[in-house]
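Asks: mind folding the following:
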Amino acid sequence: MSVTDLPVVAMLRNRMQWSQTRQKVLAENVANADTPGFKARDLRAPRFTPAGELAASGLPGIGVARTSASHLAGGAPRGPGEEREKTRFEVMPSGNAVNLEEEMLKVGDNQADYQLAASLYQKSLQMLRTAVGK
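Replies: Residues are numbered from 1 along each chain as shown. Presented below is the predicted three-dimensional model:
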């Protein structure tokens, strides 16, 4: 078994690739802010099944179990940008739906997500090296 086949490492690598692709889409939105009729785009975040697996690719993940009736039942997770999405589609004078302030907030959130995933990836690899004695 390769180190890259480990579920945690594979999920972190997948998250970093998703963040990289999302950064490209957000940069296109900012670049086309003055293009008449342009509509901003965004990527959907990876979704997990209740068992904790990634719905699209079937990678195993971490599941949440309710082991006591006094525990709170889990609901649909709310992402950091969902509150801003409600006010998103305001039309600018150029006739497009790109709000530069919101796009730049998304870019900052995406950068922080990528930094977190990269840091966790690095720490996971360091922990594996320590476990094998290197």
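Asks: can you report how many residues neighbour residue 7?
Replies: Other residues within reach of residue 7, judged by other Cβ atoms under 10 Å, total 14. C-beta here means a position set from N, CA and C on the backbone, and glycine is covered the same way.
Asks: give me the nearest residue to residue 12, chain neighbours excluded.
Replies: Excluding the flanking residues, the one nearest residue 12 by Cβ to Cβ, 6 or more residues apart in numbering is residue 121, at 4.3 Å.
Asks: show me the contacts for that neighbour.
Replies: 9, 12, 13, 16 (Cβ atoms under 8 Å, 6 or more residues apart in numbering).
Asks: only the buried subset of the residues you listed, as a ChimeraX command please.
Replies: The buried residues among these can be selected in ChimeraX (16 or more other Cβ atoms under 10 Å) with this line:
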select :9,12,16
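Asks: will you turn the contacts of residue 121 into CSV that also has distance to residue 47, secondary structure and pLDDT?
Replies: Output for the contacts of residue 121, formatted as CSV (distance: Cβ to Cβ, whole Å; DSSP: H, G, I helix; E, B strand; the rest coil; pLDDT from 0 to 100):
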residue, distance to residue 47, secondary structure, pLDDT
9, 20, helix, 85
12, 17, helix, 88
13, 18, helix, 88
16, 17, helix, 92
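Asks: hmm, back to that, the helix or strand containing the residue nearest to residue 12 - what's its average pLDDT?
Replies: Element membership for residue 121 (DSSP states H and E) is helix 100-132. For helix 100-132, mean pLDDT is 92.
Asks: pull out the buried positions in that helix.
Replies: 102, 103, 106, 107, 109, 110, 113, 114, 117, 120, 121, 124.
Asks: out of those, who's nearest residue 5?
Replies: The closest of the buried residues of helix 100-132 to residue 5 turns out to be residue 124 (Cβ to Cβ; 13.0 Å).
Asks: and residue 32, how many neighbours?
Replies: Counted with other Cβ under 10 Å, residue 32 comes out at 17.
Asks: the residue lying closest to residue 9 once chain neighbours are set aside: what's it in contact with?
Replies: Once flanking residues are discounted, residue 9 sits nearest to residue 124: 5.8 Å by Cβ to Cβ, 6+ apart. By Cβ under 8 Å, 6+ apart, the contact set of residue 124 is 6, 8, 9, 12.
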